[in-house]
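Enquirer: Quick one, what's the 3D model for this:
(2 chains)
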Protein chains: 2
Amino acid sequence: MSKLLHYPLCPFSRSIRLALAECGVAFELKEERPWEWRPDFIRLNPAGSVPVFVTENDFPICGAYAISEYFQETELAEGEPHSFQLFPGDADERAEVRRLIDWFHGKFNGEVTTYILDEKVFRSFGPRSSSPDMEAMRAGRENLRYHLAYIGHLVESRSWLAGEALSFADLAAAAHLSSLDYLGEVPWEEFEQAKNWYALLKSRPSFRPLLGDRVPGFTPPDSYADLDF
Amino acid sequence: MSKLLHYPLCPFSRSIRLALAECGVAFELKEERPWEWRPDFIRLNPAGSVPVFVTENDFPICGAYAISEYFQETELAEGEPHSFQLFPGDADERAEVRRLIDWFHGKFNGEVTTYILDEKVFRSFGPRSSSPDMEAMRAGRENLRYHLAYIGHLVESRSWLAGEALSFADLAAAAHLSSLDYLGEVPWEEFEQAKNWYALLKSRPSFRPLLGDRVPGFTPPDSYADLDF
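Expert: Just a heads-up that it's a prediction; the model follows:
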């Protein structure tokens, strides 16, 4: 059976867990702690990061970018597309999906996720453990508001972030927000439209495993797994 | 005619200039200074970053990720693949290409390019101009050596970075290195294999326009445009 090496609070891993569940791909989930730098894991992915999807033939597909595009391609090659398309639409529409994936896995990650998640959680693991940089966290929280407003702006004129169909852009965005939500860091009440969009995603069956995640040392607020917030 | 909005020393823009030239796509090149935050440009790409490819129908494709995949898809859809494939091979081989694109546009960018290029060049532009952080630059230079060794390791057993065919992975890697090389920051002499790989890319016609780039205030070393280093 194919397997996904992931870390529960890693937003890139989460985006792929959502994508595989939406596509109906069966896989075994294995937790990997990248900061332990496990030699067998480094052989699979020299970058030392999760997620890594290992196919039934033991071929490692490394990173959310390669994994998501791999499922898009193998899906299309099989001639029997799943009911869910990670990259729906024509070439122009898919370019919009990818612009937004880049936005969340790139820009949002750099401006928000790393500032909050890395400081609050990952900094406490591994040999170089230290206390969080409060200025970085403050910057991350400030930037988060700008991104929540952008989500609101997008869904004002569209059903989903990239257009009329749910896509991997929504899953990538929701993955980052869900990791921050686990830490009680998302001011949902101030951003009604983003909250409504997230509530739709949160109630999908693909989301359920994420809502069951628990990381020792970090207890999520009650609202984390509450479908009505 | 379609056009590419770029900035000469931006490695993401460079990777797309190389890709379009290799694919034989005709386009007009327009310089954009992202730090000027030009309203017409922000309307095209709300992320405010280059590259942006504007199609003949005035549709903006934003970012190296969306642009590269767009050309892969429209190429395949036309049924007449160019002689050059950005993502050659089968699904597994393309996953390896994308792992390495992620490596250079993600990991290398975060560990090397931003530390050196942002500190040395981009910090001097825009309203928040300040002097470079020497510690960041030192870290970037140290990390660069590790990545040059990794390139050497890859081409020890392969013709190109991702396998037997030249791919967008090589262009992405060469784009980052070429921006750093413009600043005289690449210790080629210590990394013979990486140097030989880069020399092959540097002598391709697609590379010529990059070697002619000049940025006011920054004069490249003579070796920058010298095909024999």
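Enquirer: Going by C-alpha atoms from here, please, whenever you check contacts or count neighbours.
Expert: OK.
Enquirer: And residue A:166, which helix or strand is it part of?
Expert: Using DSSP states H and E, residue A:166 sits within no helix or strand.
Enquirer: bridging residues for the residue nearest to it when sequence neighbours are not counted?
Expert: Closest residue to residue A:166 apart from its sequence neighbours, by Cα to Cα, 6 or more residues apart in numbering or on different chains: residue A:160 at 5.6 Å. Judged by DSSP bridges, the bridge partners of residue A:160 are residue A:163.
Enquirer: wait, doesn't residue A:160 sit right on residue A:168?
Expert: No: contact between residue A:160 and residue A:168 fails when scored by Cα atoms under 8 Å: they sit 10.4 Å apart.
Enquirer: more neighbours, these two?
Expert: Neighbour count, other Cα atoms under 10 Å in any protein chain shown: between residue A:160 and residue A:168, residue A:168 has more, with 26 against 17.
Enquirer: Which residue, other than its chain neighbours, is closest to the more buried one?
Expert: Spatial nearest neighbour of residue A:168, chain neighbours left out: residue A:86 (4.8 Å); criterion: Cα to Cα, 6+ apart.
Enquirer: Now do the same for stretch A:198-211: mean pLDDT, whole number.
Expert: For stretch A:198-211, the mean pLDDT works out to 97.
Enquirer: cool, and stretch A:150-158?
Expert: 98.
Enquirer: And chain B, is that stretch touching that?
Expert: No: against chain B, stretch A:150-158 shows no contacts by Cα under 8 Å from any Cα of the partner chain, the least distance being 9.6 Å.
Enquirer: roughly how far is that stretch from the heart of the chain?
Expert: 19 Å (Cα atoms, centre = their mean, to the nearest Å).
Enquirer: Not counting its own residues, what contacts it?
Expert: Stretch A:150-158 is touched from outside by A:160, A:161, A:162, A:164, A:191, A:192, A:193, A:194, A:197, with contacts defined as Cα atoms under 8 Å, 6 or more residues apart in numbering or on different chains.
Enquirer: Run a quick neighbour tally on the fourth one.
Expert: Here the count is done by other Cα under 10 Å, and residue A:164 has 14 residues near it.
Enquirer: Please report how far it lies from residue A:202.
Expert: In this view, residue A:164 and residue A:202 are 18 Å apart by Cα to Cα, to the nearest Å.
Enquirer: how close does residue A:192 get to chain B?
Expert: 22 Å (Cα to the nearest Cα, to the nearest Å).
Enquirer: In which helix or strand does the closest residue to that residue other than its chain neighbours reside?
Expert: Spatial nearest neighbour of residue A:192, chain neighbours left out: residue A:152 (7.7 Å); criterion: Cα to Cα, 6+ apart. Assessed by DSSP H and E, residue A:152 sits inside helix A:134-157.
Enquirer: That helix: how far from the chain's middle?
Expert: Distance, centroid of helix A:134-157 to centroid of chain: 16 Å (Cα atoms, centre = their mean).
Enquirer: do the same with stretch A:57-76
Expert: That offset, for stretch A:57-76, works out to 16 Å (Cα atoms, centre = their mean).
Enquirer: Next, the buried residues of the helix holding residue A:152.
Expert: For helix A:134-157, burial by neighbour count (16 or more other Cα atoms under 10 Å in any protein chain shown) applies to A:136-137, A:140-141, A:143-145, A:147-148, A:150-152, A:154-155.
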